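> for reference, the sequence and a predicted model appear below.
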Amino acid sequence: MNNNYVYTIGNKIYINLTNKCSNNCDFCIRHGRDGMNGTDLWIQNQPDGADIIEQLPLNLDDYDEEVVFCGFGEPTYNLDAMEEVASYLHCVDKTTRINTNGQANLIHKQDVSSVIADCCDVVNVSLNAPDAKKYQQHCKSIFGEKAFDSMLEFATLCKQRGAKVVFSVVDSIGEEDVEKCRALAKKYDIPLRVRVKE
């Protein structure tokens, strides 16, 4: 098993911080795929910041300005490494984005939204459903239905702390629920991105 903490798609750099996740989503890339873009993302050891920085391409300037915290697990399980890497990336004129399920405050049993907002210029929160019952049906959080409301609160807190927050949904939830998610996102004054399931 390789420890691929960094992988690229085109000219975009992605950071794979952990295998751990509080969800088991129906549409997750972990189901039926060994990796992303030919890179095995199951890691044997959870990295610290130095492990990740060591794997970053030497020619960083040849890649997109934005670097994304997104791998096989929920990135917020490894906050210490995220903080160290984000600080390094900001020092070399990169911006950062996190793709998250928004359950960080439940995972850490405290409000860590200020940490996320400091680390990440853009916080992409996977909305994935218009209500708690359907969210749990699709995403199967270890926290049960309370994960949904906590995710909405987390998105609001990150926005209040200055991060650019975006909601995302996968189109496989159906057109009707996508429209309900669009209305919910509008209520929170947060843009919605609809992703096409591969």
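Arrived safely.
> OK, contacts around the nearest residue to residue 72 once chain neighbours are set aside?
Spatially, and ignoring its direct neighbours in sequence, residue 72 is nearest to residue 41 (4.3 Å; C-beta to C-beta, 6 or more residues apart in numbering). For glycine as for every other residue, the C-beta is placed from the backbone atoms N, C-alpha and C. By C-beta atoms under 8 Å, 6 or more residues apart in numbering, the residues touching residue 41 are 4, 7, 16, 35, 71, 72.
> can you report phi and psi for the nearest residue to residue 112 once chain neighbours are set aside?
Distance criterion C-beta to C-beta, 6+ apart; nearest residue to residue 112, sequence neighbours excluded, is residue 104 at 5.1 Å. Reported as degrees, to the nearest 10, the phi and psi values for residue 104 are phi -60, psi -40.
> what does residue 171 give?
phi -60, psi -10.
> rewinding a little: which pLDDT value goes with the residue nearest to residue 72?
With respect to pLDDT, residue 41 scores 76.
> shift numbering so it begins at 254
Understood, numbering begins at 254; the last thing we discussed is residue 294.
> how close does it sit to residue 367?
Using C-beta to C-beta, to the nearest Å, residue 294 is found at 28 Å from residue 367.
> which stretches of the protein form strands?
Counting by DSSP state E, the chain has these strands, from start to end: 259-262, 265-268, 288-289, 292-293, 319-322, 348-353, 375-379, 417-423, 445-448.
> buried residues in the fifth one?
To tie it back to what came earlier, the one meant is strand 319-322. Residues of strand 319-322 classed as buried: 320, 321, 322 (neighbour count, 16 or more other C-beta atoms under 10 Å).
> still on that earlier bit, I'd like the strands of the chain as JSON lines, with distance to residue 310 appended.
Listed next are those as JSON lines, based on distance: least, C-beta to C-beta, whole Å:
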{"stretch": "strand 259-262", "distance to residue 310": "7"}
{"stretch": "strand 265-268", "distance to residue 310": "7"}
{"stretch": "strand 288-289", "distance to residue 310": "16"}
{"stretch": "strand 292-293", "distance to residue 310": "13"}
{"stretch": "strand 319-322", "distance to residue 310": "10"}
{"stretch": "strand 348-353", "distance to residue 310": "16"}
{"stretch": "strand 375-379", "distance to residue 310": "21"}
{"stretch": "strand 417-423", "distance to residue 310": "25"}
{"stretch": "strand 445-448", "distance to residue 310": "26"}
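> closest to residue 394 out of the ones you listed?
Among those, the nearest to residue 394 by C-beta to C-beta is strand 375-379 (11.2 Å).
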